[in-house]
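1. Okay, predicted coordinates and the sequence, questions at the end:
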Amino acid sequence: MAYNIADIAKTLKIKSVTYPEYNISHLLTDSREVFNPEETLFFALKTKNNNGHKYVEELYKLGIRNFVVDSLAPEWETLTDVNFLLVKNTLQALQAVSTFHRDHFNVPVIAVTGSNGKTIVKEWIYQLLGSERRITRSPRSYNSQIGVPLSVWQMNENTELGLFEAGISMPNEMAKLQRIIQPTIGVFTNIGDAHQENFKSLKQKCLEKLELFINCDVIICEEGNPLLDECMTSACLSQKRFTWSYNLRSSSPLLIQSVDRTDTVSYITYSFLGLPFTIELPFVDDASIENVTSAIAVALYLTTSIEIIQRKVRQLEPVAMRLDVRQGKNQNIIVNDTYNSDINSLKIALSFLGQQATEDSQKKTLILSDILQSGYSDEALYRSVLDSARAANVEKIIGVGKHISKQQQIFENIPHAFFETTEEFIESGIWNDFHAETILLKGSRSFEFERIAELIEQKTHETVLDINLDAIVHNFKFYRSRLNPETKMICMVKADAYGSGSVEVAKMLQYHKCDYFAVAVAEEGSLLRKSGIKTPIIVLNPEVGGFNQLFESYLEPEVYNFRILDAFIREAQRRGISDFPIHIKMDTGMHRLGFTEEDLPRLVERLLSQKALRVVSTFSHLAASESWAFDEFTTGQISTFKKLAAALQQGLDYPIWKHILNSAGIERFPEEQMDMVRLGISQYGVSASGLSGLRNVCTLRTTILQIKHIEAGETVGYGRKGKVEHDSDIATLRIGYADGLSRQFGNGAGHVLVKDKLVPFVGNICMDLSMIDVTGLDVKEGDPVIIFGDSLSVTDLAKTINTIPYEILTSVSSRVKRIYFRE
Ligand SMILES: *Cc1c(COP(=O)(O)O)cnc(C)c1O
């Protein structure tokens, strides 16, 4: 659906536009996701971390001609054929335009809110009802003040039912979402204590959530939760409830009579208005039972037959929200998106694909199954697939399925191949020819694309380091928001990004516009350049032997003494280079590298006497910024640095940036942020000073190879160190010190997590294996074991063997496979 820009302007109370001939079919808030620019309206949003007004010129160059802004910049005056819709608040404008769109529809709209399970309940409602009606739903977890208007905008002529998620983190947000979604059917999943920090009480939060439902015909929820029942009564919503309950004496229309479970399936017997029926759910956890009950209640309210519900529940698919990035065979990179295949999630995955393949030579390939239940005609649907793929620079499309194969003519101008089934694709063997490509694998569940993944992925042993890229971004933004907007951030990706993989991490942070990277040695910097990193890179410990790489890859060296300075000037002059960027290190108490006060006059003189190098910044490193006990020393270092930096600045005839804070420094001395800060370990989720609010990034996991019953008195492992006092079950893990598991964890010093229980190591850690005591636990061979992760922190682990988290993270050896994912 498209609207004339003049009509949209009217909605925003703007009387006229200069160029009224434009039609708008796309709303854009993220400057990196341009698609169909002629019909796009860009909203320059101001968030904690960014300001959309910065991207107007860049977007103009890409062909966008319509912008909603809150002020006009003088440099935009030269832009022609462009409409600027000037408003007070661009977010409110986005919401108003979406509301305007919503007003055109008179179809039922379901809104799902609650503390947990929103996305799963939404997706399961979709799976239960999707073949009966054409549903427009929120992509992934788009449930925020920005995500909701973008989701509602997806409604179109074909929509028979809207299905949207709404989430809040602050008071007064829900009323706004209510006006945009205008739901007629409300679903409340449950109330928990997530997002508590901004609310006075759980009751306040619950009442706020209920505002979503003020104009609903019905609210579907559990009966018997005292808080929810009380809030419903206070909000005068009790009369509109359609409830379910575990309490057989309640008057709810839907009652859970019993639940029986096997290892993989639950059988739930309900009674609906007195009629019993049983469903078979392919999940056994309590949360799934609660979530499916909400979804079933919605289906029953919409008069879906019990037979259909029974059939659909049996086929319910898990809602995977991860985008995995894996190393493939033949230098391929595989982005595996097992999320339901639909056009919106395809666009999101394609944009992620773009970030993963920043290297220009890396070809992009899309392997896509039929998209089921889209609500569009096949022709329109696959044309839109082609447009999205083109916009993401995909160079080859492989379609799997009858529907996409029928539409091959649409793809005739792009290299392609089509197969009716996954089996046919596998048998064709064409996947053997993939080489150095970034491959997006995106299939509906029934196409079992995991079979393709298995063929093209590189196999290594099953000890894996999982890296949560979203957590890295969260941590980056967390610090970004604590700093002045002008302060530049240097992200430390030395030591392979503290073990998590410098290329993938740097790509993600470059996408989120970090200002600088720092690595330890020139090779690390060259590797980043080869992978398409364009952001400036500092090399902290350059050696005279590595100069070639510095110049060729445009890496900016830290200069820490006269030897390196003179050698570098000579080499730059020999190459006829001028103004090559360098960073001057001062020693203020670490006594490792750096110039001192006595060096300053000579340093200034040397720098002024040449044109080959230009100082970009000067900095120093704190020796004990995390420790309260040394605060006097730290503040002494800071004031020494200020003195040295000021003297250097005075000597030079151009401005230079100054910086001293590392992670703990940022946390504890934010007033000393100066021009830049250097974010290290905290980026990876470990706060050096114990600050809360960071998210864990890395999880090291392995599996159990064998379990043995050992009698009292026997010993386990080398040197007969692990004496078994009682009869025990001993499990052998496929991880050893060659994987980075320190030998010091052996003989009971360290623990791992098995089924959420802490379990000690027995005997010495071996090179490739290690043993743990699993006596009394219900475990079997092949079960997963966590070495560190969300519930066993690197910090705690480090303490058990008297080291620091830095060492644990950077020790994970290169043979451990890294898997990157986004939530
Ligand atoms: C490693 C390093 C940092 C980052 O330190 P964290 O404690 O990990 O934040 C900052 N500056 C320099 C010079 C470094 O070598």
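-> Great, that's in hand. These numbers come from a predicted model, not from an experiment. Numbering: from 1, shown residues only.
2. May I ask which helix or strand encompasses Gly186?
-> strand 185-188 (DSSP states H and E).
3. now swap in Ala380 and tell me
-> helix 378-391.
4. If you count contacts, what does that helix end up packed against?
-> helix 343-356, helix 402-406 (3 or more Cβ pairs under 8 Å, 6 or more residues apart in numbering; DSSP states H and E). From N, CA and C alone the C-beta is placed, and that goes for glycine too.
5. ok, then the element right after the strand holding Gly186?
-> helix 202-210.
6. Quick check: mean pLDDT of that following helix?
-> Averaged across helix 202-210, the pLDDT comes to 91.
7. just how off-centre is it within its chain?
-> Here helix 202-210 is found 28 Å from its chain centre; the criterion is Cα atoms, centre = their mean, to the nearest Å.
8. helices or strands up against that helix?
-> helix 226-234.
9. so what's Leu62 up against?
-> Val34, Pro37 (Cβ atoms under 8 Å, 6 or more residues apart in numbering).
10. Relative to Ser31, how far out is it?
-> 9 Å (Cβ to Cβ, to the nearest Å).
11. With Asp7 instead?
-> 25 Å.
12. more neighbours, these two?
-> A count of neighbours by other Cβ atoms under 10 Å puts Ser31 above the other of Asp7 and Ser31, at 17 against 14.
13. Provide the backbone phi and psi angles at that one.
-> phi -60, psi -10 (degrees, to the nearest 10).
14. cool, Ile279 as well?
-> phi -120, psi 160.
15. burial of it, as a residue count?
-> So Ile279, with other Cβ under 10 Å, has 20 neighbours.
16. Leaving out the residues flanking it, which one is nearest to it?
-> Of all residues not flanking Ile279 in the chain, Val313 sits nearest, at 4.6 Å (Cβ to Cβ, 6 or more residues apart in numbering).
17. Kindly report the same for Val762.
-> Distances taken as Cβ to Cβ, 6+ apart place Gly722 nearest to Val762, at 4.2 Å, with adjacent residues excluded.
18. who does the one you found bridge with?
-> Val716 (DSSP bridges).
19. State the number of residues packed around it.
-> If we define neighbours as other Cβ under 10 Å, then Gly722 has 23 of them.
20. hang on, it packs against Ile710?
-> No - assessed by Cβ atoms under 8 Å, Gly722 is found out of contact with Ile710, at 9.1 Å.
21. which residues do these two both contact?
-> Common neighbours of Gly722 and Ile710 are listed as Val716 (criterion: Cβ under 8 Å, 6+ apart).
22. now the worst-scoring helix or strand of the chain on mean pLDDT and helix 378-391, what's the angle there?
-> Lowest on mean pLDDT, DSSP states H and E among the helices and strands of the chain sits helix 343-356, with a mean of 75. Relative orientation of helix 343-356 with respect to helix 378-391: 20 degrees, computed using axes from the mean of the first three to the mean of the last three Cα atoms, to 10 degrees.
23. Run through who's touching helix 343-356.
-> 32-33, 35, 139-140, 154, 323, 325, 333, 335, 337, 339, 364, 366, 368, 371, 374, 376, 381, 384-385, 388-389, 391-394, 438, 440, 442, 504, 507-508, 511, 822.
24. Trp244 contacts Thr293, doesn't it?
-> Yes - Trp244 is within contact range of Thr293, at 5.3 Å (criterion: Cβ under 8 Å).
25. if we can go back for a sec, for the residue nearest to Ile279, give me its contacts.
-> Counting by Cβ under 8 Å, 6+ apart, Val313 touches Leu128, Ile279, Glu280, Leu281, Val292, Ile296.
26. between those residues, which has the most around it?
-> Ile296 (28 neighbours).
27. Just flag the most distant two among the contacts of Val313.
-> Leu128 and Glu280 (14.0 Å; Cβ to Cβ).
28. Show which residue of this structure lies farthest from the average position.
-> Computed with Cα atoms, centre = their mean, the residue of the chain farthest from its C-alpha average is Gly713, at 49.4 Å.
29. Now do the same for Asn340: its pLDDT.
-> In this model, Asn340 carries a pLDDT of 59.
30. ugh, wrong one, Ala194
-> In this prediction Ala194 is given a pLDDT of 53.
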